[in-house]
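Trainee: I would like the atomic coordinates for the input below:
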Amino acid sequence: MPGQSLAGAAPSPATHSPWRTELIATIRLALPMALTQLGQIAMMTTDMMLIGRLGEHMVAAAALGHTLLFSAFVIGTGIVSAVAPLAAQAYGAREPRMVRRSVRVGLWAAIGFGIPLSVVQLYGEAILIALGQDAETARLAETYLTGLAWSLTPAWCFIALRSFMGAVNRPEPALWIILAAIPANALLAYALINGAFGLPRLELLGAGIATTIVNLAMCAVAVWVAYACHPFRKYRILGRFWRPDWSLLRRLLAIGAPVSGMLTLEYGVFAGAAMLMGWLGTVELAAHQIALQTAAILFMAPLGIGIAASVRVGHAAGRRDPEGARRAGFTAFGIGAVFAATMTLIVIATRDQIPLAFLGTSAAHGSATAALASSLLVVGATFFIADGLQTIGAGALRGLQDTRVPFLYSAISFWLIGFTACYALGFPLGLGAFGIWIGLSLGLIIYAALLVVRFHRLTARGYLPPKTTPDGKISV
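Mentor: A predicted model of the protein is given here:
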């Protein structure tokens, strides 16, 4: 069975304590996943740095373009993220056929949601103007989105395939693909933005086209690895690909839709904050994007740990081990807290240098954008830690297939509390950009606390998710 050959690689419980065994296993799984996430954000950050050389107004336009794209991106990401707990539980239960079916319905969902949401991106200028943004900035943002829009479907397919690889304890190929994509993306984006190597100078449009081409290539390579390479080929993920599997697709949507809702509410707050920054001015919007991109880089490692937590908790659930599920979740919390605290201290210590990487040394000298971005990084100290813990909490709960209550928590934390505080502190109370970031931090802190408490309460009473039967239904 597939679970037998890989399970033996873990340290023996007779040799180490269960907590130490779990720590080692989680780190081994989380490290390549975290590096994969960092690789993906590295491509986005490289694009932002190259765009920054075109001027601060281009950074602001790219920020709005990213805001629209990611508003759509998180919808599909939430859906396909359900591949991880479904495949992990099937792997833990030693049911390879269910692993294959989980991947298949994830790919279906990626294609089904990707096409219509890509078309929406082509109307970015009209959407942004309706949201009160500057007309010229909105026009430039649509130019960026024209090239970027078609990256959604291949990106989601890659996430589904990466989730499959992680669920069977082999996340390394996804990392190798990302590591190859980083320099390819940088080279292609540089050439298309600046008109190098005989290619046309397309500026923002070129940045978007480069991202789409690289995402298509990553998806193609991931399909080949998952279908043809050991140990993945024995799952035959493309076998009977067109065969209807509506029952399991409904199960995927039942788990993934609340996750999609959570991510939409979470990203919606950040999108709303970007819109509020746009009301304040171009300097505030550009500074916000620089500080937020830095936060996104820090977020990638805890996100990788959260994905690992989902897999480890899912494995324990598949073998019907409630104590193992609890241990897996809290081990991930500990790793994430230590990492987030360490990186927060590093960011505070280097806050004046970070904006220079985005704007260039000469452009940033005496720049109001650089000064404001540096200050926002200090305001975001608690933001970074809470953001890490909430994504790990969400991942651990996904491993238990518990997504509906966290969705409710996200609505309360991000919108009832977080966005209300952003607006109130930023405008009526006159704190401007600082008030908006304080509001974001407040929402994240409350959300993280609710998720940790939720996981504690569920696992303290030995809760395990129902099993998915071969007909796609659930049983206890």
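
Trainee: quick one, phi psi at the residue nearest to Leu389 when sequence neighbours are not counted?
Mentor: Once flanking residues are discounted, Leu389 sits nearest to Ala448: 4.1 Å by C-beta to C-beta, 6 or more residues apart in numbering. Just so you know, the C-beta spots here come from the backbone N, C-alpha and C atoms, and that holds for glycine as well. The phi and psi values for Ala448, taken as degrees, to the nearest 10, are phi -60, psi -40.

Trainee: Contact partners for Ala448?
Mentor: Counting by C-beta atoms under 8 Å, 6 or more residues apart in numbering, Ala448 makes contact with Ala386, Asp387, Leu389, Gln390, Gly393.

Trainee: burial count for the residue lying closest to the last one once chain neighbours are set aside?
Mentor: This points to Gly393. Nearest non-adjacent residue to Gly393, counting by C-beta to C-beta, 6+ apart: Leu451, 3.0 Å away. Taking other C-beta atoms under 10 Å as the neighbour definition, Leu451 ends up with a count of 27.

Trainee: So which bits of the host helix or strand of Leu451 are buried?
Mentor: Using DSSP states H and E, the element containing Leu451 is helix 432-460. The neighbour-count criterion (16 or more other C-beta atoms under 10 Å) identifies 432-452, 454-455, 458-459 as the buried residues of helix 432-460.

Trainee: what does stretch 321-339 give?
Mentor: 321-322, 324-333, 335-336, 339.

Trainee: from the contacts of Ala448, which is closest to Ser260?
Mentor: Gln390 (16.2 Å; C-beta to C-beta).

Trainee: which residues touch Gly426?
Mentor: Leu276, Leu280, Gly432, Ala433, Gly435, Ile436, Gly439.

Trainee: The first one looks like it's in a helix, true?
Mentor: Yes - for Leu276, which was evaluated using DSSP: H, G, I helix; E, B strand; the rest coil, the result is membership in a helix.

Trainee: shaky segments in the chain?
Mentor: 1-16, 360-366, 468-476 (pLDDT under 70).

Trainee: what residue is smack in the middle of it?
Mentor: Leu303 (6.5 Å; C-alpha atoms, centre = their mean).

Trainee: Check which helix or strand that residue maps to.
Mentor: helix 282-318.

Trainee: Run the chain-centre distance for that helix.
Mentor: Distance of helix 282-318 from the chain centroid (C-alpha atoms, centre = their mean, to the nearest Å) equals 6 Å.

Trainee: how about the residue nearest to Gly393, what does it touch?
Mentor: Contacts of Leu451 (C-beta under 8 Å, 6+ apart): Leu389, Gln390, Gly393, Ala394, Leu397, Pro406, Tyr409.

Trainee: Near Arg97, how many other residues are there?
Mentor: Arg97: 12 neighbours (other C-beta under 10 Å).

Trainee: and if you look at Arg101?
Mentor: Applying other C-beta under 10 Å, we find 28 residues neighbouring Arg101.

Trainee: Is it correct that it is in contact with Pro244?
Mentor: No - using C-beta atoms under 8 Å, Arg101 is not in contact with Pro244, being 11.2 Å away.

Trainee: what packs against the host helix or strand of Val214?
Mentor: Per DSSP H and E, Val214 falls inside helix 204-228. With contacts defined as 3 or more C-beta pairs under 8 Å, 6 or more residues apart in numbering; DSSP states H and E, the packing partners of helix 204-228 are helix 18-52, helix 56-80, helix 135-148, helix 152-167, helix 172-194.

Trainee: Pick the most buried one from the ones you listed.
Mentor: Most buried of the helices and strands packed on helix 204-228 by mean neighbour count (mean count of other C-beta atoms under 10 Å) is helix 152-167; its value is a mean of 26.

Trainee: Tell me what angle it forms with helix 18-52.
Mentor: Between the axes of helix 152-167 and helix 18-52, defined by axes from the mean of the first three to the mean of the last three C-alpha atoms, to 10 degrees, the angle is 160 degrees.

Trainee: counting contacts, what elements does helix 152-167 pack onto?
Mentor: Against helix 152-167 (3+ C-beta pairs under 8 Å, 6+ apart) you get helix 18-52, helix 56-80, helix 83-92, helix 96-121, helix 172-194, helix 204-228, helix 282-318.

Trainee: For Thr137, find the nearest of the ones you listed.
Mentor: helix 56-80 (5.0 Å).

Trainee: hmm, back to that, in CSV: the helices and strands packed on helix 204-228, plus distance to Ala368.
Mentor: Below are the helices and strands packed on helix 204-228 laid out as CSV (distance: least, C-beta to C-beta, whole Å):
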stretch, distance to Ala368
helix 18-52, 15
helix 56-80, 9
helix 135-148, 17
helix 152-167, 34
helix 172-194, 25
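
Trainee: and Arg94, which of those is closest to it?
Mentor: Across the helices and strands packed on helix 204-228, Arg94 has its closest neighbour in helix 152-167 (12.7 Å, C-beta to C-beta).

Trainee: ok and the closest one relative to helix 282-318, angle-wise?
Mentor: 40 degrees.

Trainee: one step back: report the inter-axis angle for the helix holding Leu303 versus helix 135-148.
Mentor: 40 degrees.

Trainee: Among the helices and strands packed on helix 152-167, which comes closest to Ala141?
Mentor: Among the helices and strands packed on helix 152-167, helix 56-80 sits nearest to Ala141 (C-beta to C-beta), with 4.1 Å.

Trainee: centre of the chain versus that closest one, how much separation?
Mentor: Using C-alpha atoms, centre = their mean, the offset of helix 56-80 from its chain centre is 12 Å.
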